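**Student:** Fold the stuff below for me.
(one chain, ligands or ions: 1)
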Amino acid sequence: MTHAPNSLAARDLAYSLHPYTNLAVHQERGPFVITRGEGIYVYDDQDNQYIEGLAGLWCTGLGFSEKRLFKAAQTQFEQLPFSHSFAHRATIPVIELSEKMIEIAPGDLSKVYLVNSGSEAVDTAIKMVWYYHNAIGKPEKKKIISRKRAYHGVTVAAGSLTALPYAQDGFDLPIDRILHTDTPCFYRNGEEGESEEDFATRLADNLDKQIEAEGPGTVGGFIAEPVMGAGGVMLPPDTYFEKIQKVLKKHNVLMIADEVICGFGRTGQMWGCDTYDIKPDLLTCAKQLSSAYLPIGAVMVTEPVYEAFVEYSRKLGIFGTGNTYGGHPVAAAVALETLKIYEDDDIMGHVNEVSVRFQQRLAGLASHPLVGEARGIGLIGGVEIVANKETREQFPPATKAAAVVAEKILGQKLIVRPLPGDVIGICPPLIVTDEEIDDIFDRIKRGLNAAQESLG
Ligand SMILES: Cc1ncc(COP(=O)(O)O)c(C=O)c1O
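**Tutor:** Next comes the predicted model:
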């Protein structure tokens, strides 16, 4: 395709290197330019309106036009556009945000460390697990266990915890000291005649055996999303986290809950940890922390972990990690305002109300000939595309069935995301209404019908 000289498309092709994009295909088809947003809608450069059915990248909880956030940013820009938190420095927005985050944090988390993204949060959590075990005199306890099909980000260590070929191929990942255990996907990995609870028991037993085989003295951390998002929207089977946490306790392995997608209401409660009764030693979050209006993420830790850091930094002379923009005052002010809006507008109550409709309509897709399973919780859903509903056989990988479906749904002016395992991810802004949910699922249905014609 040729693009007019000096058009946005031509300039994009001339100068931009796109993340998570087939660069060769991009040269042919050019960019999909988004120019503005309003509520749950975004508009392209031809002023076509789309529903953002993935809240950007699972992140714009408050949609695209929350004026209180514009105001919070402007006020903080005028007051203090930059300062940092190194070497005892502090700012008011960071103090207030940290206080608020601990007020709403799950379990026994008591301290907040701010970063700029989910990957940075996960990378920092890994460093913290290593620092902690050095601090308590267990320097061998360093391996981190993630799960197959997990998504935890792209930086060298976080990208190693991610266990998806598309995110690792060509980049020499994973690095060593990273292990992967079973995917908790009952639909794909449950055995004939096995109940969800038995499946959870089997996975916990496998984890126990894996830790024993590695040597419990060498395993320091386990990381899990409460609901796996980017890997294909997979919900934990009944009793999974209860059993997994028992195994971790038995071997003194720290639990890292990666709440980058689940945090701030996505599963119907403030945290996925609340929904699934997880008591993390460390928690990573980002995305809906600021409704994605500015980049910010965080790691939260419990008091015993923090106290070990204090003693070790006394010995080393420093807790030697930090990012220039970690705890950027403008991002912190916007995040704080986001949390206030969640409270003032009772966003959790709203999610609980509208998620009833969302889950009903999602479940309604299960009868479509292309749908093997439609699964979800709160305002997140995954639709697994299959070639044969009875046998659960998938389309050949070359068919790129989920991409075909997502493209047809895009034809209905709804943005969703094709995920590994031929799953369509649906994750609208948390402010979505019942009427908008009906509109979303009507468009998905039309898109599925169109895809059925082309997939045969
Ligand atoms: C669970 C999870 N962890 C970490 C990340 C990485 O976050 P970021 O893209 O902000 O680096 C993501 C991104 O989608 C995520 O879904």
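
**Student:** What separation do you get for the closest residue to the ligand within the stretch 1-150 of the chain and Glu303?
**Tutor:** Of all residues in the stretch 1-150 of the chain, the one sitting closest to the ligand is Gly118 (2.2 Å; Cβ to the nearest ligand atom). For the C-beta atoms, the positions are set from N, CA and C on the backbone; glycine is no exception. Counting by Cβ to Cβ, to the nearest Å, the gap from Gly118 to Glu303 is 24 Å.

**Student:** Repeat that for Arg266.
**Tutor:** 27 Å.

**Student:** Please point out which parts of the host helix or strand of Val94 sit buried.
**Tutor:** Val94 is part of helix 92-104 when elements are defined by DSSP states H and E. Buried residues in helix 92-104, counted by 16 or more other Cβ atoms under 10 Å: 93-94, 96-98, 100-101.

**Student:** now, the most widely separated pair of these?
**Tutor:** Pro93 and Met101 (12.0 Å; Cβ to Cβ).

**Student:** which parts of the stretch 251-400 of the chain sit against the ligand?
**Tutor:** Within the stretch 251-400 of the chain, the residues that sit near the ligand (Cβ under 6 Å from any ligand atom) are 258, 260-261, 286.

**Student:** Helix, strand, or coil at the spatially most central residue of the chain?
**Tutor:** In the chain, the centroid-proximal residue (Cα atoms, centre = their mean) is Ile261; its distance is 3.0 Å. Secondary structure, DSSP: H, G, I helix; E, B strand; the rest coil: Ile261 is coil.

**Student:** need the contact list for it.
**Tutor:** With Cβ atoms under 8 Å, 6 or more residues apart in numbering as the criterion, the residues that contact Ile261 are 58, 225, 227, 229-230, 287, 380, 427.

**Student:** Need the residues you listed in CSV (columns: pLDDT and neighbour count).
**Tutor:** Shown next, in CSV, are these (pLDDT from 0 to 100; neighbours: other Cβ atoms under 10 Å):
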residue, pLDDT, neighbour count
Trp58, 98, 22
Glu225, 98, 25
Val227, 98, 24
Gly229, 98, 27
Ala230, 98, 23
Lys287, 98, 27
Ile380, 98, 28
Cys427, 98, 28
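
**Student:** mind listing which of the residues you listed are in strands?
**Tutor:** Judged by DSSP state E, the contacts of Ile261 include Ile380 as members of strands.

**Student:** Distance to Tyr187 for the contacts of Ile261 - can I get that in CSV?
**Tutor:** As requested, the contacts of Ile261 are exported to CSV (distance: Cβ to Cβ, whole Å):
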residue, distance to Tyr187
Trp58, 21
Glu225, 17
Val227, 14
Gly229, 16
Ala230, 17
Lys287, 26
Ile380, 16
Cys427, 19
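
**Student:** Helices - which of the contacts of Ile261 land there?
**Tutor:** In this view, the contacts of Ile261 that belong to helices under DSSP state H are Trp58.

**Student:** quick check, nearest of the contacts of Ile261 to Leu17?
**Tutor:** Checking the contacts of Ile261 against Leu17 with Cβ to Cβ, the nearest one is Ala230 at 21.1 Å.

**Student:** thinking again about what came up before, out of the residues of the stretch 251-400 of the chain next to the ligand, who's the most crowded?
**Tutor:** Asp258 (31 neighbours; other Cβ atoms under 10 Å).

**Student:** Which positions are bridged to that one in the beta structure?
**Tutor:** Counting by DSSP bridges, Asp258 forms beta bridges with Thr284.

**Student:** if we can go back for a sec, is it possible to export the buried residues of helix 92-104 to a markdown table including pLDDT?
**Tutor:** Converted to a markdown table, the buried residues of helix 92-104 look like this (pLDDT from 0 to 100):
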| residue | pLDDT |
| --- | --- |
| Pro93 | 98 |
| Val94 | 98 |
| Glu96 | 98 |
| Leu97 | 98 |
| Ser98 | 98 |
| Lys100 | 98 |
| Met101 | 98 |
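
**Student:** for these, which one is nearest Ile278?
**Tutor:** Taking Cβ to Cβ as the measure, Ile278 lies nearest Met101 of the buried residues of helix 92-104, at 16.8 Å.

**Student:** what's across from Val42 in the sheet?
**Tutor:** Residues in beta-bridge contact with Val42 (DSSP bridges): Gly37, Tyr50.

**Student:** on that earlier part again, which one's more surrounded, Arg266 and Glu303?
**Tutor:** Between Arg266 and Glu303, counted using other Cβ under 10 Å, the more crowded position is Arg266 (30 against 11).

**Student:** Now do the same contact list for the more buried one.
**Tutor:** With contact taken as Cβ under 8 Å, 6+ apart, Arg266 is in contact with 58, 61, 227, 272, 288, 351, 378-380, 427, 430.
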